[in-house]
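1. Kindly generate the corresponding structure for this input.
(chains A, B, C, D and E)
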Amino acid sequence: MKRSSGKLGLPPGSVVFTGVQYAETPTFRLIDYTPQSVTIKRLQKVDDAFPFKRKKSVTWLDIAGLHQTDVIEKIGNYFGLHPLTQEDIASTGKRADFESFDKYLFIVVKILSYNDNTNEVVADHVSFVVGNNFVLSFQERDGDLLNGIRERIRTGKGRVRRMGADFLAYVLLDNIIDRYFGVLEKIGDRIVSIEEDLNDDPQQSTLNNIHKLKRELIYLRRTIWPLRDMVNRMIKSDSRIWKKQTKVYLNDLYDHAIQAMDTAESFRDMSANMLDIYLSMMSHRMNEIMKVLTIFSSIFIPLTFVTGVYGMNFDFMPELAWKYGYLFIWGIFLSIAGGMLYYFKRKDWL
Amino acid sequence: MKRSSGKLGLPPGSVVFTGVQYAETPTFRLIDYTPQSVTIKRLQKVDDAFPFKRKKSVTWLDIAGLHQTDVIEKIGNYFGLHPLTQEDIASTGKRADFESFDKYLFIVVKILSYNDNTNEVVADHVSFVVGNNFVLSFQERDGDLLNGIRERIRTGKGRVRRMGADFLAYVLLDNIIDRYFGVLEKIGDRIVSIEEDLNDDPQQSTLNNIHKLKRELIYLRRTIWPLRDMVNRMIKSDSRIWKKQTKVYLNDLYDHAIQAMDTAESFRDMSANMLDIYLSMMSHRMNEIMKVLTIFSSIFIPLTFVTGVYGMNFDFMPELAWKYGYLFIWGIFLSIAGGMLYYFKRKDWL
Amino acid sequence: MKRSSGKLGLPPGSVVFTGVQYAETPTFRLIDYTPQSVTIKRLQKVDDAFPFKRKKSVTWLDIAGLHQTDVIEKIGNYFGLHPLTQEDIASTGKRADFESFDKYLFIVVKILSYNDNTNEVVADHVSFVVGNNFVLSFQERDGDLLNGIRERIRTGKGRVRRMGADFLAYVLLDNIIDRYFGVLEKIGDRIVSIEEDLNDDPQQSTLNNIHKLKRELIYLRRTIWPLRDMVNRMIKSDSRIWKKQTKVYLNDLYDHAIQAMDTAESFRDMSANMLDIYLSMMSHRMNEIMKVLTIFSSIFIPLTFVTGVYGMNFDFMPELAWKYGYLFIWGIFLSIAGGMLYYFKRKDWL
Amino acid sequence: MKRSSGKLGLPPGSVVFTGVQYAETPTFRLIDYTPQSVTIKRLQKVDDAFPFKRKKSVTWLDIAGLHQTDVIEKIGNYFGLHPLTQEDIASTGKRADFESFDKYLFIVVKILSYNDNTNEVVADHVSFVVGNNFVLSFQERDGDLLNGIRERIRTGKGRVRRMGADFLAYVLLDNIIDRYFGVLEKIGDRIVSIEEDLNDDPQQSTLNNIHKLKRELIYLRRTIWPLRDMVNRMIKSDSRIWKKQTKVYLNDLYDHAIQAMDTAESFRDMSANMLDIYLSMMSHRMNEIMKVLTIFSSIFIPLTFVTGVYGMNFDFMPELAWKYGYLFIWGIFLSIAGGMLYYFKRKDWL
Amino acid sequence: MKRSSGKLGLPPGSVVFTGVQYAETPTFRLIDYTPQSVTIKRLQKVDDAFPFKRKKSVTWLDIAGLHQTDVIEKIGNYFGLHPLTQEDIASTGKRADFESFDKYLFIVVKILSYNDNTNEVVADHVSFVVGNNFVLSFQERDGDLLNGIRERIRTGKGRVRRMGADFLAYVLLDNIIDRYFGVLEKIGDRIVSIEEDLNDDPQQSTLNNIHKLKRELIYLRRTIWPLRDMVNRMIKSDSRIWKKQTKVYLNDLYDHAIQAMDTAESFRDMSANMLDIYLSMMSHRMNEIMKVLTIFSSIFIPLTFVTGVYGMNFDFMPELAWKYGYLFIWGIFLSIAGGMLYYFKRKDWL
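-> The predicted structure is shown next:
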């Protein structure tokens, strides 16, 4: 849970950054394209982007770094964003959401990535503002996520150049949800590896891995669940910004969101199942250990008692003087041991 | 659960206070404002507030202390509140709720606060009556909760002065729900601390902490769940008291309610997970303890039996007279012990 | 579950009593009132009530004792009740329900009471037939439940005298649901007492109490759940018998039903939590017991082996003749014991 | 689960019997009635029933035995049944269902009966085809189920003779659902008996009974759940075959279906609760057993060590020669034993 | 989970095969039929199928093998398939789905088969494109699945020849869902066999079988659940491609999907129940083992202590010299043992 208590008591619409600051200053990347031409720029200051708003070409302004909230407010005011939208852009604790305003659509989504070193899932906060001919994207850090799409626009591959700002927004979302499957596959690999451990020789570390996995899945599930509702509301939205030919793509997006959710749910079932396996194995092992102890104790404790009897120093103990007394006592030992073994055999303990 | 049995058998609409009395007499604070001017007063008796009702300016009357039910009835009758509304203002057991009457809206909500000493969540009962140009707030005690908003109105910060009574109600609710996140963060801290204990060295006290947390979460969940339905009904309500520009803020409130609920649910999942960890650790430990016991017993019990054999006092025991008998017996000791150790090694117990 | 198999194979609409007979003959109490006047009578036979049906005043006929099914049929036929309604009046196994007929409304509800001696919740079957100007109430026994309301009508307190038969039905239902909270509080007390036992020193009896509580809650839940649906259908009903000003009271009733359900659900969560506490405490105790056993065994079993060695009667055992042999052996004892203690210390068992 | 793999690869609409054949040939019973007259016949061959179809009187043809699928096809073709209806009549694996066709209604339902010898619930497949003036009933075997209704029609008791084919269908369904309560009561008796066992002295057999009960309830639940949806769709259906006065009876049927479902759910909760009781009792017992073992071992193992010490044969052991050495050693024995007992007392183990 | 990460970063509509390649080249089978005539061909290249598109007869083109994505693109472009449809045909990770386009319907479904050797359920990806007079089917491998239907068309059996392309699609789906029941029966057999093991003598292998079953059911459930939604959307679809007389068949399909889901859910309940049985049996066994150990230890440890006492070498031990000392000590042995046995008898441990 990201800290949001810093906002306590502030009036609604206050723009407060609640995430992690990755770089000193935000970076601004701008792409402006028509089917025929494309302009790519890295801007020094955000004001340089404003003239593009009035152009008919599609403009995509990507802001990486949200800690300078005055930048958000400046863009927000220029593009006519509602104060609550400005607040939500900086509130990294907000879940995936879609809101339709008169002049723009506002989309919040999480970018998932998997840290191979710590085996942890990391979620970054991204929000998109989609207007008639512009897309604003706000990211926590300047990752490589959106570079591929920028390249695709530059070279003119795919449909994206021929379609409008709404299709660009779709392409960005599609790209982000595709990454969810990458993360889910990593987790799927961990499940396979834990299952192998359970088959071979489960250890305390296996248990730790299961629990870590379960925690990760609680987190993942909480991130993925709102997606479905978000995409559904995007499809149902009657905003004129979504063009008719983009809607069929949104259906596909919905399908992907469902599939991601579905996979996460199956993983939850599997991890619960693995914990059950571990616990029932522990219970089985305990039984094995107890059997060994009981067999040993039950055989030798009576025998030791018998040796104790004939180790007593009573003056009058007739058996001690028997000629075959020692032999006789070994006969007793063997028959006690044999009897016990037979008893355990019958009880199916051996 | 607050006691409500005191009301048993009374006719519906009976105003009976079921909470805790914090102060001897209720306090009455009144703010009356327009975009241009503001009046702040602490009233001696509630009747002093009545003339403000007819003014066009927005009037906010805050009553702290609900035990003098005649005060509630007096206000209720003056402002035309339905008998059931009067009853609900004093019924501190009532959950969060929204009801729309002809002339006013009635909102019940809980203020959550976290007691750092007892580590307990405390819920206070608050209700709002929102009319065209007035807001009545009824609290159990005169906390610092609403002071910040009073100050904001006084200094004219934020949008609140420029908008109507419905926006004031929204600002109050927003403030209250923001506090939920503060409480959730405190509980999040406790979860992190319990997880550290589980990693280091879980004790009986860790278990107690988990159970206390689970209890707290049952309570919290029960308080947070109705919020969502309440805000949803506020949004769907077609009462003319909600102005159009306030509705977008209610959507934001709904989003916050969902997020609080969502966080509480994740905490529940996590606490269940932590209990699982504790129990599987206990089970693992038990296995370890049993292994130690079994290894010791299984090695030494047979050895002790052998010493018992040669401690017997039979007259005729040939081994006793052997020259290397003692050495031979040590050989037997070592081979039994070695055999057992090898057996346990192969069973992976060592 | 009340026995309903007695009805097997009978045609639908057969009036068969499936409950417990409390008194030999049913009692009939009649109240007839207008805002100005009130008549209260205890009738000898049910026919005496029939003339009141044609009056414009509100008539409430209360029948206690359902075992004389011919009485139900006689009333049913006079007041024009559908055969299925007559059947349901006597079927004490039926859950809370609301049905709207052309000329009357039919309401089935359970009266809950808590038996302090057996600590059990008892549910009695009550049904109401609400017409334009009459209410028929059918109870299994002549309890004190409805006396308070009778008294209220007689003295003219509250709104009930000024309003119609539908409001009287609401008052009766409100009274019945209020009692649910009384029962829930008793159960809440039991939960608190069990929690104290768990904190102090949980016994087998604590476990029994938890399980008894859980059973009681299954029963309670099953009784409370249908209430919500019943009241909801009452609110949605478009029967002309419900007057507009009564509807707002039904909303309040709905709210109470939800709150009762909600409390029962929280109790379920709490009782599940308490069972978890008990079981994890047992698991913890078992660990403690095993530790003691293992520590004792692991220290003394090797020592006993050593004493056994020097208790053997071999002719040639050099140590026995050593001058400081006995002292030396105590050294061995102490170092074994010390070593084991150090080992357990390091394992954190001490 | 009844085998349905025999149908694999056949075209849709293939009539394949998947149940158990009880008799060699099907029996055909026909009743034809008006309010005034009634004809009851046992037919030799199914064709004899066909002339009745054109009559205005209500005709009920009951076919017991579904293995001769050509009979089903012959009836089906004569009465104009859709191929899928014909298929479903013979598919005994199909769950309770309602389908509305142009000329008839098709109802599938299970008859539950309780085998007192094996303590098992048996479900038979029944389907009804309800036309304007005829009812066809298809049963797996010629049970006594429908005889009571036949008798009721013959003697003219109840409403059934005065009403149409749709009411006859309702009476048949009502009768079948009434039997569900008989079965549920039998299972309720088993629950009571298991609870008594748990209170007295739970055995392995008690556990087996709980598990058998749980299995039975899984099966029962699966049979009862679809009922609710089926009756609901019957009520919502706009087919002209349901007359208005029958609809109120269908509401009653719905109520019974809900009640059966509700009871089965409570039984599930109770059986889960009973398993919890059993397991926590086992856990408690294990603790008791371990305590006894630990107390015995912890007292006697140190004592035995002491006896071992003075059983050693060292040449120089001063205590052995003390005058009161033996007395002194008993003092040590008693103080060790006393100390241990005191320790266990303080630990609350005694 | 099938790997879909290969698609990461590609633009939407990219046709990427994510499944297993079974054969080197795809096979193309074409059937073209009218009620009167039928043509069956195995095509060398897919282009040979294109002329059939313009014919009025129903054409079914079956493509087995999806790894040559250029083939999919060629067909897709010729038949006017949307890029996303082309992508989904090759994405074997996609769940069952139905989408309605202007000119065609797109159906994705899984073919389940049961591998008797590995006891595993295998799911193959199949998709259908249904146009006004053609059906395209895309399978991962050239199985025997669709041969039966081809044969049925050739010989003109069943209704399929007389009806259109939509009915052919229904027949294909019906055939596929029928196979689900075959797989469910195999799993049902495994459940019966595990239950027998649990009754006879549960082993570690029984536990493994339960866990394997549970995993399989997680997978199965995930495959079956989307079916219901898919068929439901097919029924609700207002596409003109579904003819009215086919809709009743789709209802039947829905019923089958529900039944498959229902059976899978019951299996889940049963497998959870079986795990409970196993664990409670383990718990019971552990109790038995502990009892044996405790009884043996508690009887013999005190006896051994007594023998130890009289094995001590104190100079002055009066009992040793008693004439009947040895006899007396046996009396002590027997009374201790008898006392313990009586104690355990009373505790019901014997």
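
2. What's the nearest residue in the stretch 1-150 of chain A when you look at chain E?
-> A:G148 (4.8 Å; CB to the nearest CB). Quick note: C-beta positions are derived from backbone N, CA and C, even for glycine.

3. give me phi/psi at A:I63?
-> Backbone torsions of A:I63, given as degrees, to the nearest 10, read phi -110, psi 120.

4. tell me which helix or strand of chain A sits lowest on mean pLDDT?
-> Using mean pLDDT, DSSP states H and E, the weakest-scoring helix or strand in chain A turns out to be helix A:147-155, at a mean of 85.

5. For that one, give me every contacting residue.
-> A:29, A:31, A:33, A:38, A:40, A:60, A:158, A:160-161, A:168, A:171-172, A:175, E:9, E:11 (CB atoms under 8 Å, 6 or more residues apart in numbering or on different chains).

6. mind saving the C-alpha coords of it as PDB?
-> Extracted C-alpha coordinates of helix A:147-155, given in PDB (Å, rounded to 0.1, in the frame of the first residue of the first chain):
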ATOM      1  CA  ASN A 147       9.900   3.200 -26.600                       C
ATOM      2  CA  GLY A 148       8.700   0.300 -28.700                       C
ATOM      3  CA  ILE A 149       5.500   2.000 -29.600                       C
ATOM      4  CA  ARG A 150       7.400   5.300 -30.300                       C
ATOM      5  CA  GLU A 151       9.600   3.300 -32.700                       C
ATOM      6  CA  ARG A 152       6.500   1.700 -34.300                       C
ATOM      7  CA  ILE A 153       5.000   5.100 -34.900                       C
ATOM      8  CA  ARG A 154       8.200   6.500 -36.300                       C
ATOM      9  CA  THR A 155       8.600   3.700 -38.800                       C
END
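
7. Okay, buried residues for the helix or strand just after it please.
-> Remark: after helix A:147-155, the chain's next helix or strand is helix A:165-200, criterion DSSP states H and E. Across helix A:165-200, burial judged by 16 or more other CB atoms under 10 Å in any protein chain shown covers A:165-188, A:190-191, A:194-195, A:197-198.

8. right, is whichever helix or strand comes after helix A:165-200 up against chain E?
-> Remark: after helix A:165-200, the chain's next helix or strand is helix A:204-236, criterion DSSP H and E. No. Applying CB under 8 Å from any CB of the partner chain, one finds helix A:204-236 separated from chain E by no less than 12.8 Å.

9. so helix A:204-236 versus helix A:165-200, what angle?
-> 160 degrees (axes from the mean of the first three to the mean of the last three CA atoms, to 10 degrees).

10. outside of stretch A:280-290, which residues touch it?
-> In contact with stretch A:280-290 (CB under 8 Å, 6+ apart) are residues A:198, A:202, B:280, B:283-284, B:286-287, B:290-291, B:294, B:349, E:204, E:207, E:211, E:275, E:278-279, E:282-283, E:285-286, E:289-290, E:293.

11. Show the buried residues in the residues you listed.
-> A:198, A:202, B:280, B:283-284, B:286-287, B:290-291, B:294, B:349, E:207, E:211, E:275, E:278-279, E:282-283, E:285-286, E:289-290, E:293.

12. Check what pLDDT the closest residue to A:I218 other than its chain neighbours gets.
-> Take A:I218 and drop its neighbours on the chain: the residue closest to it by CB to CB, 6 or more residues apart in numbering or on different chains is B:D269, 4.6 Å away. On the pLDDT scale, B:D269 is placed at 91.

13. helix or strand for B:D269, which one?
-> Here B:D269 is assigned to helix B:244-309, by DSSP H and E.

14. Near chain B, which residues of the stretch 251-350 of chain A are found?
-> Counting by CB under 8 Å from any CB, the stretch 251-350 of chain A sits next to chain B at A:275, A:278-279, A:282-283, A:285-286, A:289-290, A:292-293, A:296-297, A:300-301, A:303-304, A:306-308, A:310-313, A:317, A:319-321, A:323, A:325-326, A:329.

15. any idea how far the residue of the stretch 101-250 of chain A at minimum distance from chain D lies from A:D197?
-> For the stretch 101-250 of chain A, the residue closest to chain D is A:L207, as judged by CB to the nearest CB, at 20.8 Å. Separation of A:L207 from A:D197 (CB to CB, to the nearest Å): 10 Å.

16. again with A:Y278
-> For A:Y278 relative to A:D197 (CB to CB), the value is 9 Å.

17. Residues in contact with both of the two, list them for me.
-> A:T206.

18. got the contact list for whatever residue of the stretch 251-350 of chain A ends up closest to chain C?
-> Here the residue of the stretch 251-350 of chain A nearest chain C is A:G311; by CB to the nearest CB that distance is 6.9 Å. Going by CB under 8 Å, 6+ apart, A:G311 touches B:308, B:311-313, C:311, D:311, E:307, E:311.

19. okay, now A:G143: neighbour count?
-> 14 (other CB atoms under 10 Å in any protein chain shown).

20. where's A:E87, which helix or strand?
-> helix A:83-90.

21. how about the residues of chain A that lie near chain D?
-> Residues of chain A lying near chain D by CB under 8 Å from any CB: A:G311.

22. got any ranges where chain A has weak pLDDT?
-> Chain A contains residues with pLDDT under 70 at A:1-8.

23. can you do 50?
-> A:1 (pLDDT under 50).

24. Which single residue of it ends up nearest chain E?
-> Relative to chain E, the nearest point of chain A is A:G308 (2.8 Å; CB to the nearest CB).

25. I figured that residue hits E:T304, correct?
-> Yes. With contact defined as CB atoms under 8 Å, A:G308 counts as touching E:T304 (5.1 Å).

26. can you pull the alpha-carbon coordinates of stretch A:85-94 into PDB?
-> Output of stretch A:85-94 as PDB, limited to C-alpha atoms (Å, rounded to 0.1, in the frame of the first residue of the first chain):
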ATOM      1  CA  THR A  85      -7.900  14.400 -12.500                       C
ATOM      2  CA  GLN A  86      -4.800  16.400 -11.600                       C
ATOM      3  CA  GLU A  87      -4.900  15.000  -8.100                       C
ATOM      4  CA  ASP A  88      -5.300  11.400  -9.400                       C
ATOM      5  CA  ILE A  89      -2.300  11.800 -11.800                       C
ATOM      6  CA  ALA A  90       0.000  12.300  -8.800                       C
ATOM      7  CA  SER A  91      -1.800   9.800  -6.400                       C
ATOM      8  CA  THR A  92       0.200   6.700  -7.100                       C
ATOM      9  CA  GLY A  93      -2.000   4.700  -4.700                       C
ATOM     10  CA  LYS A  94      -5.000   4.900  -7.000                       C
END
